[in-house]
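Trainee: Show me the folded form of this:
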Amino acid sequence: MITVTEYKNQKVGVFGLGKAGEAAVAALVAGGAEVFAWDDRMADNGLKMTSKFMSSVICHPSSEWPWHELKAVVLSPGVPLTHPKPHAVVELAKQHNVPIIGEVELLFRAQPDATYIGITGTNGKSTTTTLIGHILQESGVTCEVGGNLGTPALALKQLSKGGVYVIEMSSYQLDLLKTVRFNVAVLLNITPDHLDRHGDMAGYIAAKKHIFERQTAADTAVVAVDDEYTRGIMQEALGIREAKIIEVSAQHVLKEGVYAKDGILYDKSTLMPNASSPMPLTAIASLTGKHNWQNAAAAYAVCRAVGVVPEKIYAAMQSFAGLRHRLQLVATINGVRFINDSKATNADATQNALAPYKSIYWIAGGKPKAGGISSLGEYFSNIAHAFLIGEASDEFSQTLEGKLPYTLCGTLDVAVKKAAEMAKDGEVVLLSPACASFDQFKSFEHRGDVFCELVESLKKEQIRHAS
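Mentor: Numbering: from 1, shown residues only. Got it, this is the predicted structure:
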């Protein structure tokens, strides 16, 4: 756990008491700060605190905080900063000129001698973050991995000089940075998402670009150039940004940079000495599909930028198990592969799951997002049958009508049962919802865990019948 001493004997507010908020409370209290904390769920006793440090905290609604004495407010990324409208605590902070920061800011200030790698993008950032951490650990580099990925930044271990923090950054977290400088900053892709929180596409892009702020000539920016938005940011950056820029791609052959063509990774960057020989990715099950080739290219560029040699990078990639809930092979039953892609909460993420497979029995649906699944039309030929669940069922069925067979299932258990009955040897049952999970589940992790449990039950049933 990180100890934050910057606010010793001073008053600090923490608003939002999820995992990140509790970690911030613990780090501040351990460092001697007087902490005032609140979460809107506390008003109706809808929040149970687990941190032992909460007994040292003054829990009052933010309207009752001593605003004229507060030195900072640590805001949970989930609390609206600007859109649809600023939360009341944000308005109070602005009225009293109290700085609003996030927990990653506190980590950076508390551990200034460490190396920082930040990863963002609409899709793929969790896989890339995890892959980078895996490569570094396998290569003998002391590192900690967290952020939006799951483990709060302030819950990570303290690292001295030479240690590396690998931090997944959401657009919400990027909006809360003030002094953080990433030694290596990664932008994977940008597609429309979270527009309700950023106002419009311009606001969302602006948030993503924060990851490159304050970089110097000693730092590296890794930018994937496979979509129009990231290509625009790359062109904008050329000639005006001090940091070294490494382009990566899974769609284009680059004269300069790191790219993956037909599943082969090529290192053509002159910014990194001793370029590697081509590296085949197609045999690595956890890195299936073009989206994962992009993730691999970005991870390769990052690890080379911090000094890992190509041979160690490729060896570590081959032992990468992949990310839970992201194209996770749960089981193979009677030749049918069951794939958990619950983290695909929008159509762009689901596109990456539909592209590499054929004869897919697709489980989709949940709480729908703007745009639905109409953008997936070119992949419908890969789908043998769709099984629709949740609030999106009616909307999705209208999109699929006349294009491919589908069944309205309502719930995940029904969808898994029907898909398993239809799928045959060599085919795939794929949970890739293209929706948020909050209509029927606590989170995409909960949804994926339930899918895994249902598949495990099928596997046990198959074993019983076989015996």
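Trainee: Beta-bridge partners for the closest residue to residue 279 other than its chain neighbours, please?
Mentor: Residue nearest to residue 279 in three dimensions, not counting chain neighbours: residue 265, with 4.2 Å by Cβ to Cβ, 6 or more residues apart in numbering. Just so you know, the C-beta spots here come from the backbone N, C-alpha and C atoms, and that holds for glycine as well. Bridge pairing for residue 265 (DSSP bridges) gives the partners residue 260, residue 279.
Trainee: wait, residue 265 sits on residue 298?
Mentor: No: applying Cβ atoms under 8 Å as the test, residue 265 and residue 298 come out as separate, 10.8 Å apart.
Trainee: what sits in contact with each of those two?
Mentor: Overlap of the contact sets of residue 265 and residue 298 (by Cβ atoms under 8 Å, 6 or more residues apart in numbering) consists of residue 258.
Trainee: Give the helix, strand or coil label for residue 455.
Mentor: Classification of residue 455 using DSSP: H, G, I helix; E, B strand; the rest coil returns helix.
Trainee: So residue 265 and residue 298 - more neighbours on which side?
Mentor: residue 298 (30 against 25; other Cβ atoms under 10 Å).
Trainee: what's near enough to touch that one?
Mentor: 119, 128, 186, 188, 222, 224, 248, 258.
Trainee: For residue 50, give me the pLDDT.
Mentor: pLDDT, residue 50: 64.
Trainee: one step back: closest to residue 334 out of the contacts of residue 298?
Mentor: residue 128 (33.8 Å; Cβ to Cβ).
Trainee: Excluding residues flanking it in the chain, which one is nearest the closest one?
Mentor: For residue 128, the spatially nearest residue (Cβ to Cβ, 6+ apart) is residue 295, at 4.4 Å.
Trainee: Give me the buried positions along the helix or strand harbouring that neighbour.
Mentor: Taking DSSP states H and E as the criterion, residue 295 maps to helix 290-305. Residues 290-305 are the ones in helix 290-305 that count as buried (16 or more other Cβ atoms under 10 Å).
Trainee: again, but for stretch 141-157
Mentor: Judged by neighbour count (16+ other Cβ under 10 Å), stretch 141-157 contains these buried residues: 141, 143-149, 151-156.
Trainee: residues in contact with residue 152?
Mentor: Residue 152 makes contact with 19, 20, 22, 23, 24, 103, 146, according to Cβ under 8 Å, 6+ apart.
Trainee: Strands - which of the residues you listed land there?
Mentor: Those of those mapping onto strands are residue 146, per DSSP state E.
Trainee: Ranking by neighbours, what's the top pick from the contacts of residue 152?
Mentor: Neighbour counts for those (other Cβ under 10 Å) peak at residue 24, which has 34 neighbours.
Trainee: Domain-wise, how is the protein divided?
Mentor: Listed by automatic domain parsing, the domain ranges of the chain are 11-101, 106-318, 328-461.
Trainee: Export these to a markdown table and append columns for distance to residue 2.
Mentor: Below are the domains of the chain laid out as a markdown table (distance: least, Cβ to Cβ, whole Å):
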| stretch | distance to residue 2 |
| --- | --- |
| domain 11-101 | 5 |
| domain 106-318 | 5 |
| domain 328-461 | 24 |
